[in-house]
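K.L.:
sequence first, then the predicted structure:
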Amino acid sequence: MTTTHSLGYPRIGAQRELKFALEHYWQGQSSETELLATAEQLRRQHWQDQAGLGFQPVGDFSLYDQVLDMSVTLGNLPPRVRERGGELLDQYFRAARGRSATDQPGQGVAAGEMTKWFDTNYHYIVPEFTRDTRFQLDSRRLLEQFAEARAQGHRPKPVIIGPVTYLWLGKSKDDSDRLALLDRLLPVYGELLDTLAEAGAEWIQVDEPALVTELDEAWRHAFQLAYHHLKSSRPKLLLTTYFGQLRDTLQLACELPVAGLHLDAVSAQPEAGQLADWLAPHKVLSLGVVDGRNVWKTDLNRVLDWLEPIHARLGERLWLAPSCSLLHVPVDLSREQNLATDVRTWLAFARQKLDELELLARALDLGREAVHEALAENRRAIDSRRHAPSTRNPAVRQALAGLSPRDGQRQSPYAQRKPIQQRRLHLPLYPTTTIGSFPQTPEIRQARRQYREGTLAPDQYRSLMEAEIARCIREQEALGLDVLVHGEAERNDMVEYFGEQLEGFAFTQGGWVQSYGSRCVKPPILFGDVSRPRPMTVDWIRYAQSLTDKPVKGMLTGPVTMLNWSFVRDDQPLSETCWQLALAIREEVLDLERAGVTIIQIDEAALREGLPLRRSDWPSYLEWAVDAFRITANGVRDETQIHTHMCYSEFNDILADIARMDADVITIETSRSDMELLEAFQSFDYPNDIGPGVYDIHSPNIPDADDIVALMHKAAQRIPPERLWVNPDCGLKTRRWEEVIPSLTAMVTAAARLRQEALAPARDRCEAGVQ
Ligand SMILES: Nc1nc2c(c(=O)[nH]1)N[C@@H](CNc1ccc(C(=O)N[C@@H](CCC(=O)N[C@@H](CCC(=O)N[C@@H](CCC(=O)O)C(=O)O)C(=O)O)C(=O)O)cc1)CN2
Ligand SMILES: [Zn+2]
């Protein structure tokens, strides 16, 4: 019989039960016991959902993040967190979220850094290393949950992050070589595997997705070392890769001494046949045949066409699974009541994907005849999507065909635009601004819920949102900011909001996907050609501008970010979908300009994370992605100032591409890297304006004006002051007003001081003690 399994299941809960349990606990409204009871209940439910599989994953559930869990298992929480002592759960959340010094004087702890999990929209907590790092096994979580699953009658398969990927995901805090820690790490892994074997684990899933990235010789060698070391341990290891093709690591992966290998056969289907040929005859080949990252039904007949010959060769050695953990898709389609009927028949969420797996296994074991009806129904759904008129809009295709490079070209170069814009905007040196959103208060969210449920009339909703916008403008004027924003009160999310208004998108009621910790997003589903039936933001921005003489930025999400943070169609190249988005948002840009908006910001927060996992694939992505931004942004007149925003720094390698976007101003995240990023901008000779984020909005800590001044001094050593802006490093929607006001006060104070210094002669500066 063909063995089925899953690599991991969504853990937030079909109704985001975990989110609410966590937030209650953090706010002191519930006890640890209550939180842990919810977690236990969720695991029970998730294993029950997966009971039809050959194995149930254990250890994929997490209270915050699976990488942080692994750090706990390896005794590697940051020293600054451990030093404070206390209960493990408390330390765990301290590492995840930090602790504000204002809430508990003397107790401030910086959170672990958060970064993107490969090319997904999930964030993990980065493991921290120094040359002194020591590891120590804490297997309690895995053992308890293993026993829990067993007691519920399951056949659990523990899931852990492998030693090489664990090091690969982390960061050295003292510039030491983290690979040098492998020798110390491996004995702890050996102990962990033995412990799990003793508890009765037959198989252990060891995730090593680093294998789909470009690895140099040292990292390849680390894989050899690690798995030769671990081969003496007792349970069978399923070496697990996902998110891409193996290519030049295929042979390495084949030869490692493990009992089985999992391949993401959605992104690497041709490699499945190769592995079937090459894999030693005692090894299991697990093929990820159902897309774990997207929401489309699998074309089961097509999969069987290429899978049957492999099954004929491998027999019981073939296992079936989703391509990756189902963490990246919503839980259950059957809860969705408002999707158009045709779109609904094209979709599969986590639960439905498990059904697909079981069907495929039965078709292999018993022949297609045994599941004839189900296969026919699947074929009807696939055909219906393939031929659906709703996915094609001839006008959009025609407009796309008519595009020329000139559409992505500003009228004049930046050097000529800058003085024209300055004459219109009259901005001071070091202009201050924010990234767009202001706090999404419980009142705003509640109003939106009532509006959705129909208990708040549309015009009541609108006046409530207008009142929020008015408050936001008032606060910004009082703070003395130079370029204002309307605050995005009316937006549930910067991507979903636009998805709801564009043709070609469907959206769910409860299709939540974890983004980090308790935070979730509801990615819209991009199923057809994209167009914009009517202006989306013009009325809101016009209203905001009517309240002030200061410029208010128009605020849009760019095409690449819309693409990367939606579930996208898989029936045409991403570039094509992206250009369609670009055309639709371009119309909005031009409408804003016509409405008299002088500054328009187009966020491309996800441009960086969309980079392919292998560098050799970067150029083609960057070409179409930057072209798409240019189409969106660059149709405006010289006097209109275009801003863009990106929140994940580390783009030293793509500065030429960022320059090619040709935004007049780019606001970026640099506060955590202490402005080091700007060195790259300097040596590249980046030509346009830059707003290096001067404080970290993810932390509840209130920045200090002196620190901001010092950071900007650093910035001004690298970028001429005439081209510098002062702003936070991202939007403020997750913060509270009580945090925002003092933080922005510090920022505005710092900018005023910087201007004064620039005007005063150097002598005064020495006296003021800034040098
Ligand atoms: N798509 C996307 N990806 C992104 C980001 C982003 O902004 N958008 N930013 C980065 C990640 N950062 C994030 C920061 C915050 C949240 C976030 O706050 N999410 C909210 C949900 C936001 C949302 O869509 N809210 C809806 C629905 C709100 C809701 O849950 N309403 C409740 C009631 C809530 C209440 O009464 O307070 C209900 O309907 O039951 C709205 O405002 O309309 C959450 O988890 O809480 C998510 C990601 C990277 N990836
Ligand atoms: Zn941002």
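P.N.:
Nice, thanks for sending it over. Ligands and ions are numbered 1, 2, ... in the order given.

K.L.:
only C-alpha atoms from now on, for both contacts and neighbour counts.
P.N.:
Fine.

K.L.:
now the closest residue in space to residue 732 that isn't next to it in sequence: how far from residue 28?
P.N.:
Distances taken as CA to CA, 6 or more residues apart in numbering place residue 438 nearest to residue 732, at 4.8 Å, with adjacent residues excluded. Counting by CA to CA, to the nearest Å, the gap from residue 438 to residue 28 is 25 Å.

K.L.:
who's more crowded, the two?
P.N.:
residue 438 (23 against 10; other CA atoms under 10 Å).

K.L.:
now do the same contact list for the more buried one.
P.N.:
With contacts defined as CA atoms under 8 Å, 6 or more residues apart in numbering, the neighbours of residue 438 are 472, 487-489, 731-733, 735.

K.L.:
one more time with 6 Å
P.N.:
487, 732-733 (CA atoms under 6 Å, 6 or more residues apart in numbering).

K.L.:
tell me how many other residues crowd residue 705.
P.N.:
20.

K.L.:
from ligand 2, how far off is it?
P.N.:
Residue 705 sits at a distance of 22 Å from ligand 2 (criterion: CA to the ion, to the nearest Å).

K.L.:
residues of the stretch 251-400 of the chain that sit close to ligand 2?
P.N.:
Residues of the stretch 251-400 of the chain lying near ligand 2 by CA under 5 Å from the ion: none.

K.L.:
spatially central, which residue of this protein would that be?
P.N.:
Compute the mean C-alpha point of the chain, and by CA atoms, centre = their mean the closest residue is residue 121, 1.9 Å away.

K.L.:
against ligand 1, how distant is that residue?
P.N.:
Using CA to the nearest ligand atom, to the nearest Å, residue 121 is found at 6 Å from ligand 1.

K.L.:
please apply the same query to residue 353.
P.N.:
From residue 353 to ligand 1 the distance is 23 Å (CA to the nearest ligand atom).

K.L.:
quick one: pLDDT of that residue?
P.N.:
Looking at residue 353, its pLDDT reads 98.

K.L.:
grab the nearest non-local neighbour of it.
P.N.:
Nearest non-adjacent residue to residue 353, counting by CA to CA, 6+ apart: residue 290, 6.8 Å away.

K.L.:
in the helix or strand hosting residue 396, what's buried?
P.N.:
In this assignment (DSSP states H and E), residue 396 forms part of helix 394-401. Buried residues in helix 394-401, counted by 16 or more other CA atoms under 10 Å: residue 396.

K.L.:
could I get the average pLDDT for it?
P.N.:
Mean predicted lDDT for helix 394-401 stands at 97.

K.L.:
could you do stretch 463-471 as well?
P.N.:
98.

K.L.:
what's the neighbour count on the closest residue to residue 742 other than its chain neighbours?
P.N.:
The spatial neighbour of residue 742 that comes closest, neighbours along the chain excluded (CA to CA, 6+ apart), is residue 702 at 6.8 Å. A total of 21 residues lie near residue 702 under the criterion other CA under 10 Å.

K.L.:
which secondary structure state does residue 702 sit in?
P.N.:
Here residue 702 takes the coil state, with states given by DSSP: H, G, I helix; E, B strand; the rest coil.

K.L.:
going forward, count from 178.
P.N.:
Got it, the first residue is 178 from now on, which makes the last one we talked about residue 879.

K.L.:
so it makes contact with residue 920?
P.N.:
Yes. When contacts are counted by CA atoms under 6 Å, residue 879 is listed as touching residue 920 (5.2 Å).

K.L.:
how about residue 525, what does it touch?
P.N.:
472-474.

K.L.:
for it, give me the pLDDT.
P.N.:
98.

K.L.:
in this structure, what spans have low per-residue confidence?
P.N.:
Within the chain, the ranges that satisfy pLDDT under 70 run 279-284, 826, 848-849, 938-948.

K.L.:
need phi/psi at residue 291.
P.N.:
phi -110, psi 140 (degrees, to the nearest 10).

K.L.:
identify the residue spatially nearest to it, adjacent ones excluded.
P.N.:
residue 302 (4.6 Å).

K.L.:
settle this for me: that neighbour is touching residue 294, isn't it.
P.N.:
No. Using CA under 6 Å, residue 302 is not in contact with residue 294, being 9.3 Å away.

K.L.:
between these two, tell me which one has more neighbours.
P.N.:
More neighbours surround residue 302 than the other of residue 302 and residue 294, with 26 against 16 (other CA under 10 Å).
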